[in-house]
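K.L.:
the following comprises the amino acid sequence and a computationally predicted model.
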Amino acid sequence: MGLIRLTGLRVRGHHGVFDFERRDGQDFVVDVELELDLAPAAASDDVSDTVHYGELASRLAVIVAGPPVNLLETLAERLVAACMEDDRVARTTVTVHKPQAPIPLSFADVSVTVTGRR
């Protein structure tokens with residue numbers, strides 16, 4: 001087994017429980033880790049034998065930029081489901097960061113992490 005990681009995918013979305021979040025939007029940052037057997041791709045040197053991370057990034061970006069949800073938990077679950085659509089993925093971990101969350105204190109980041117397994 002091996003890991004494919006995609007980190008720092010920044011996409012504008014309109015998620016949140018407050019009206020101004022849905023109206024104005026903000027940037028969300030997504031980190032994804034996929035666990036799968038990389039041996040077939042290594043042996044064939046063919047991208048069709050692995051998860052194409054460029055295509056995955058595009059699919060995830062569509063979800064983040066798509067219809068709004070209230071909670072990061074919901075968004076993370078949707079992203080996990082998209083990652084698990086490929087039957088070769090044994091496990092995925094998705095972290096959704098909301099660095100501009102409406103918190104009236106100084107903070108570096110807020111994130112939610114969800115893991116999916118077969």
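P.N.:
Looks like it arrived, so ask away. Remember, predicted model here, so these are calculated numbers, not experimental data.

K.L.:
can you show me the helices along the chain?
P.N.:
19-24, 39-44, 53-65, 72-83 (DSSP state H).

K.L.:
between the ones you listed, which one is nearest to residue 10?
P.N.:
Each of these has some distance to residue 10 by CB to CB; the shortest is helix 53-65, at 9.1 Å. Using the backbone N, CA and C atoms, a C-beta is placed for each residue, glycine as well.

K.L.:
what mean pLDDT would you report for the closest one?
P.N.:
In this model, helix 53-65 carries a mean pLDDT of 98.

K.L.:
now swap in stretch 82-100 and tell me
P.N.:
Model confidence over stretch 82-100 averages 98 on the pLDDT scale.

K.L.:
pull out the buried positions in that stretch.
P.N.:
82, 83, 84, 89, 91, 92, 93, 94, 95, 96, 97, 98 (16 or more other CB atoms under 10 Å).

K.L.:
residues contacting the fourth one?
P.N.:
In this case it means residue 89. Going by CB atoms under 8 Å, 6 or more residues apart in numbering, residue 89 touches 34, 35, 36, 51, 83, 118.

K.L.:
repeat for the first one
P.N.:
If you count contacts by CB under 8 Å, 6+ apart, residue 82 has them with 56, 59, 60, 63.

K.L.:
would you mind giving the residues you listed as TSV with neighbour count and distance to residue 114 added?
P.N.:
Written out in TSV, the entries for those read as follows (neighbours: other CB atoms under 10 Å; distance: CB to CB, whole Å):
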residue	neighbour count	distance to residue 114
56	22	16
59	13	16
60	21	13
63	17	13
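
K.L.:
which of the contacts of residue 89 count as buried?
P.N.:
34, 35, 36, 51, 83.
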